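Visitor: Got a predicted structure here, sequence first:
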Amino acid sequence: MAARRFSKAVATAIAKDKILGVRAGSGDHRFIGVWVVVVDGRVFIRSWGLKRAGWYEAFMNEPVGRIQAAGRELRVRAVTQTSERTKAAVDEAYAAKYTTPGAIKYVKGFARSKRRRDTTTELLPA
């Protein structure tokens, strides 16, 4: 059985946005903004800073949360295990979406750092 995905309308809205509001875990902490890409209708985010108490670690400990997308707040489930093929597609999606001079160093850093690539997280509707 395939994993449930966001509707085409929601995925399209997310793809258009440069920043996605994410709240990882079930706690009531604030939403933070993260870069987001959509690959073949699937929604992915990566962590730049790898903070000990950051969103990635929160999703590792408790793979539920919420996002702000398409004018709504949506419950999500995070999948933190992704294939190398998927990571490569996400590398390409970040490079295609974030093209400003200030963004390029981050795009390259996402692609070149194994630690950052390994934080590739797929968000699915919960």
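Guide: Nice, thanks for sending it over. Numbers count the residues shown, from 1 in each chain.

Visitor: what about the helices in the chain?
Guide: For the chain, applying DSSP state H gives helices covering 8-16, 55-61, 84-97, 101-112, 114-117.

Visitor: Compare those and give me the one nearest residue 30.
Guide: helix 55-61 (10.9 Å; Cβ to Cβ). In short, each C-beta sits where N, CA and C put it, glycine included.

Visitor: Deepest-packed of the helices of the chain, please.
Guide: For the helices of the chain, average neighbour numbers computed from mean count of other Cβ atoms under 10 Å are highest in helix 55-61, which has a mean of 19.

Visitor: Residue 44 - nearest residue in space that isn't next to it in sequence?
Guide: Distance criterion Cβ to Cβ, 6 or more residues apart in numbering; nearest residue to residue 44, sequence neighbours excluded, is residue 90 at 4.9 Å.

Visitor: brain fart, residue 40
Guide: Nearest non-adjacent residue to residue 40, counting by Cβ to Cβ, 6+ apart: residue 89, 7.5 Å away.

Visitor: so that neighbour touches residue 38, yeah?
Guide: No. At 10.6 Å, residue 89 does not count as touching residue 38 under the criterion of Cβ atoms under 8 Å.

Visitor: Pull the contacting residues for residue 121.
Guide: Shown in contact with residue 121 (Cβ atoms under 8 Å, 6 or more residues apart in numbering): 44-47, 56, 59, 78-80, 82.

Visitor: no wait, residue 57
Guide: Residue 57 touches residue 51, counting by Cβ under 8 Å, 6+ apart.

Visitor: Same check on residue 42?
Guide: Per Cβ under 8 Å, 6+ apart, neighbours of residue 42: 5, 11, 122.

Visitor: burial of the closest residue to the first one other than its chain neighbours, as a residue count?
Guide: Beyond its immediate neighbours in the sequence, the residue positioned closest to residue 5 (Cβ to Cβ, 6+ apart) is residue 41, lying 5.7 Å away. As a burial measure, residue 41 scores 13 neighbours (other Cβ atoms under 10 Å).

Visitor: again with the one 5 residues further on
Guide: Using other Cβ under 10 Å, residue 46 has 25 neighbouring residues.

Visitor: One more: residue 45?
Guide: Neighbours of residue 45 (other Cβ under 10 Å): 22.

Visitor: All set, thanks.
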